[in-house]
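Asks: coordinates for the following, if possible.
(chains A and B)
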Amino acid sequence: MSTFDDPFDADRNLQSGCVCGQHRSAGEHEQAALALRCEPVESEETRYEGVVASAVMRAMFPQDVARRAFLKSVGASTALAALSQFFPLKTATEVFAQTGAPEKKDLKVGFIPITCATPIIMAAPMGFYAKHGLNVEVVKTAGWAVIRDKTINKEYDAAHMLAPMPIAISLGLGANAIPFAVPAIENINGQGIVLATKHKDKRDPKDWKGMKFAIPFDYSMHNYLLRYYLAEHGLDPDTDVQLRSVPPPEMVANLRADNIDGFLAPDNICQRAIYDGVGFMHLLSKEIWDGHPCCSFAASREFITAAPNSFAALTRAIVDATAYASKAENRKQIAEAIAPANYINAPVTVLEQVLTGTYADGLGGVKTDAKRVDFDPFPWQSFAVWMLTQMKRWGQIKGDVDYKAVAEQVYLATDTKKLMTEMGLSPPASAYKSFAVMGKTFDPAKPEEYTASFKIRKSS
Amino acid sequence: MTSSLRLRAGLVSIVLLAAFLGIWHLATRSTGATTTMSPEYAKLMGLTATQGKSALPGPLDVGAKLWEHLRRPFYDNGPNDKGLGIQLAYSIARVGIGYLLAVLVAIPLGFLIGMSPLLSKALDPFIQVLKPISPLAWMPLALYTIKDSSISAIFVIFICSIWPMLLNTVFGVASVRKEWINVARTLEVGTIRRAFTVILPAAAPTILTGMRISIGIAWLVIVAAEMLVGGTGIGYFVWNEWNNLSITNVIIAILLIGVVGMLLDQILARFTRMVTFPE
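Replies: All right, here's what the predicted structure looks like:
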């Protein structure tokens, strides 16, 4: 995902990119993928050098055509030599890399011990915070309400939160309204519906009437995805089944004790239920909505205003860690780094199955899905709009809501985009994208119509 | 006679312990492979699923793990993973602070209330309402108003352990035998001197009993409070290991909580014996 433009490549267009951002077009990306050219950047310095050189070249040749023509005629190495003659690229790079010194170096970041928090957690043992000049203590926290209160009370400078939580806090749902912001999404996908082993023949949701399900929190993607899934199969989640907010570690114990029939939970909990032989994977959340966000990295507006440089450094560290985690070949190493009692505290086998995507399904089969969990930091504002439509749909928000305004206030797409560009990554051009949830397309420009289009919803 | 009784009681205790451990061991034995699985699948599964190992650990597992903990009780692997000795020290320190604050407030206040029948009657309804409130019910309120989780934990210990001490002090002071006070009065002893030389020694056993009940409650509360606020302490340890579904470690923590609770209780029991007097 990290982009390293080579500004001295005549065929390279400096403005746009492919899905991974490293190539000019989708076609070229495919080709590169075949040739295994999608390599990570060796160091921060090379990355910054590329960024600075791009900027200089762009300034010299505002017209891309002219730049290409120039490069074609003199050759890249000559151009580089010529450019270095009158422009000290090295010095410029050094200046660029020295972003403002953080106001506060010793920070506390809270997390919940689940694999969604992978970038936040791994950034500590793997040195991503240190690399960006911060001394961060990652503190394990007992539950979502506690992490919310501790962040509001400023015991934590920033925290791992479920993606809808900062929106709920900013709107004052379930807490006093305090403006929060999300500079980065932690993970996409990586959740699942697990049912008790005794239900292995009840795979059709239509047979689930009267069952009891656990979700981690009311303001969670888990809640919205499970409700969405049930409603698409004709069950009203408010009347036909029971949904309970249960802290993740209690879910496996409750499933074993037969207090619940299943859950839609964050990973390592799903895999843990399978590992302990009490349940099986009915469905990965990815099969409901491929690429859905789950958890976010959040901080209060107050912290952002008080310590903008610390906040920027934190975001850079998280984005950096996320980029590292998004590469399949790094996943095993990450599983080992985050498994100890100081971090997630779970068997390495379980974390490896979650992160590598080769897992036991609980029914005797081994399945492989490399995208079971993935990491992509960009805080799409359309994600926030979708969450707001679901909050409205299930009666968490009463009355009218300005979808776009809230999404743009909480999900800091513009700032993150700027930061990612500075880091040499290529963020998407727009903060809105359309996507499909269980085959139904969501248009972020028409949230009101989308909410109204559902037959099963809480009558308000 | 008494020594043989003690010997016999000790023997019965050991037999009971052995029987308990034996039954525990038998009940948690592996039942052998439950189903046949492909080796590739089995590699991804836990022992509970592959070898029919009981979800509850046996006494041998717990013993081995306990030994591992006792060998290095003070390791420190970062903010979320510390040795049991450190965790217990955090908990005891929190209990100590909350409890001492409660003592400082409860005993003087109890003394005043006990010496005035009017106040004693007037404050009784408030005390009765506040006394039975669970520590977990105080927690959200404390977190919300105090805005600091470790002070909140100490506050919750304070607020939960103050009532038995207060009530016992009031009761002890109020029920000092009238004859003694009258004797002091005829001898023209001043109020302050009367309080310290007559009432305090007379009420001391009751006050100490209240303190003993309170330390028990404080120790109960700390586990619940630390499970909620997290960070450090034996309650956090239980929560962290529960998170990992490591019942072995949870059982060890239960055992240690019991032992420390007993020690705290014994210390106060000794103090109580020191101030008891024959009538």
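Asks: tell me the secondary structure at whichever residue of the stretch 1-150 of chain B sits closest to chain A.
Replies: Going by CB to the nearest CB, chain A is nearest to residue B:49 of the stretch 1-150 of chain B, at 3.0 Å. Any C-beta I mention is one placed from the backbone N, CA and C, and that applies to glycine too. Under DSSP: H, G, I helix; E, B strand; the rest coil, residue B:49 falls in the helix class.
Asks: what do you get for residue B:64?
Replies: Applying three-state DSSP: residue B:64 is helix.
Asks: per-residue pLDDT, it?
Replies: Listed pLDDT for residue B:64 reads 87.
Asks: what about it, how many neighbours?
Replies: The tally of other residues near residue B:64 (other CB atoms under 10 Å in any protein chain shown) stands at 11.
Asks: check the one 10 residues further on too.
Replies: Residue neighbour count, defined by other CB under 10 Å, stands at 11 for residue B:74.
Asks: sketch out the low-pLDDT regions of the chain for me.
Replies: Here I'm looking at chain A. Scanning chain A with the threshold set as pLDDT under 70 gives A:1-64, A:66-67, A:70-71, A:74-99, A:175, A:460.
Asks: hmm, I had chain B in mind actually
Replies: Low-confidence segments of chain B (pLDDT under 70): B:1-2, B:31-36, B:52, B:279.
Asks: for residue B:269, give me its contacts.
Replies: residue B:212 (CB atoms under 8 Å, 6 or more residues apart in numbering or on different chains).
Asks: what helix or strand is it located in?
Replies: Following DSSP states H and E, one finds residue B:269 within helix B:247-275.
Asks: what segments of the stretch 1-150 of chain B are strands?
Replies: Counting by DSSP state E, counting those that start in this stretch, the stretch 1-150 of chain B has no strands to list.
Asks: would you map the helices across it?
Replies: B:2-27, B:39-43, B:47-50, B:59-71, B:84-115, B:117-130, B:135-146, B:149-174 (DSSP state H, counting those that start in this stretch).
Asks: please identify the most buried of those helices.
Replies: Scoring the helices of the stretch 1-150 of chain B by mean neighbour count under mean count of other CB atoms under 10 Å in any protein chain shown gives helix B:149-174 as the most buried, with a mean of 24.
Asks: residues in contact with the following helix or strand past it?
Replies: Under the assignment DSSP H and E, the closest C-terminal helix or strand after helix B:149-174 is helix B:178-186. Applying CB under 8 Å, 6+ apart, the contact partners of helix B:178-186 are B:194, B:197-199, B:202.
Asks: can you state the direction angle for helix B:178-186 and helix B:84-115?
Replies: Here the directions of helix B:178-186 and helix B:84-115 differ by 70 degrees (axes from the mean of the first three to the mean of the last three CA atoms, to 10 degrees).
Asks: other SSEs contacting the following helix or strand past helix B:178-186?
Replies: Counting by DSSP H and E, the next helix or strand C-terminal to helix B:178-186 is helix B:191-194. Counting contacts by 3 or more CB pairs under 8 Å, 6 or more residues apart in numbering or on different chains; DSSP states H and E, helix B:191-194 is packed against helix B:178-186.
Asks: do you know how far the closest residue to residue A:258 other than its chain neighbours is from residue A:203?
Replies: Excluding the flanking residues, the one nearest residue A:258 by CB to CB, 6 or more residues apart in numbering or on different chains is residue A:196, at 7.0 Å. Remark: distance between residue A:196 and residue A:203 (CB to CB, to the nearest Å) = 13 Å.
Asks: who has more neighbours, the two?
Replies: residue A:196 (20 against 12).
Asks: I figured that one hits residue A:278, correct?
Replies: Yes. At 6.7 Å, residue A:196 and residue A:278 qualify as touching, with contact defined as CB atoms under 8 Å.
Asks: who touches both of the two?
Replies: With CB under 8 Å, 6+ apart as the test, residue A:196 and residue A:278 both reach residue A:255.
Asks: what sits against residue A:351?
Replies: A:115, A:268, A:335, A:338-339, A:344.
Asks: with adjacent residues omitted, what lies nearest to residue A:172?
Replies: Spatial nearest neighbour of residue A:172, excluding adjacent residues (CB to CB, 6+ apart): residue A:178 at 7.9 Å.
Asks: report the separation between that neighbour and residue A:226.
Replies: Separation of residue A:178 from residue A:226 (CB to CB) stands at 27 Å.
Asks: neighbour count for these two, which is higher?
Replies: residue A:226 (25 against 15).
Asks: apart from its chain neighbours, what residue comes closest to the more buried one?
Replies: Nearest to residue A:226 is residue A:264, by CB to CB, 6+ apart, at 4.1 Å.
Asks: you'd agree the one you found is up against residue A:205?
Replies: No. At 11.8 Å, residue A:264 does not count as touching residue A:205 under the criterion of CB under 8 Å.
Asks: could you tell me which residues touch both of these two?
Replies: Both residue A:264 and residue A:205 are contacted by residue A:229, under the criterion CB under 8 Å, 6+ apart.
Asks: mind checking which of those two has more residues around it?
Replies: Between residue A:264 and residue A:205, counting by other CB under 10 Å, residue A:264 is the more crowded of the two (29 against 19).
Asks: so that one is in which element?
Replies: Using DSSP H and E, residue A:264 maps to strand A:262-266.
Asks: over to residue A:456?
Replies: Using DSSP H and E, residue A:456 sits within no helix or strand.
Asks: quick one on the thing from earlier: hang on, the residue of the stretch 1-150 of chain B closest to chain A packs against residue A:275?
Replies: Yes. Judged on CB under 8 Å, residue B:49 makes contact with residue A:275 at a distance of 6.9 Å.
Asks: give me the contact list for stretch B:6-22.
Replies: residue B:59.
Asks: return the distance of that stretch from the chain's centre.
Replies: In this view, stretch B:6-22 has its centroid 25 Å away from the chain centroid, taken as CA atoms, centre = their mean, to the nearest Å.
Asks: swap in stretch A:423-433?
Replies: 14 Å.
Asks: tell me the buried residues in it?
Replies: Of all the residues in stretch A:423-433, those buried under the rule 16 or more other CB atoms under 10 Å in any protein chain shown are A:423-427, A:431-432.
Asks: check stretch B:201-216 too.
Replies: In stretch B:201-216, counting by 16+ other CB under 10 Å, buried: B:202-216.
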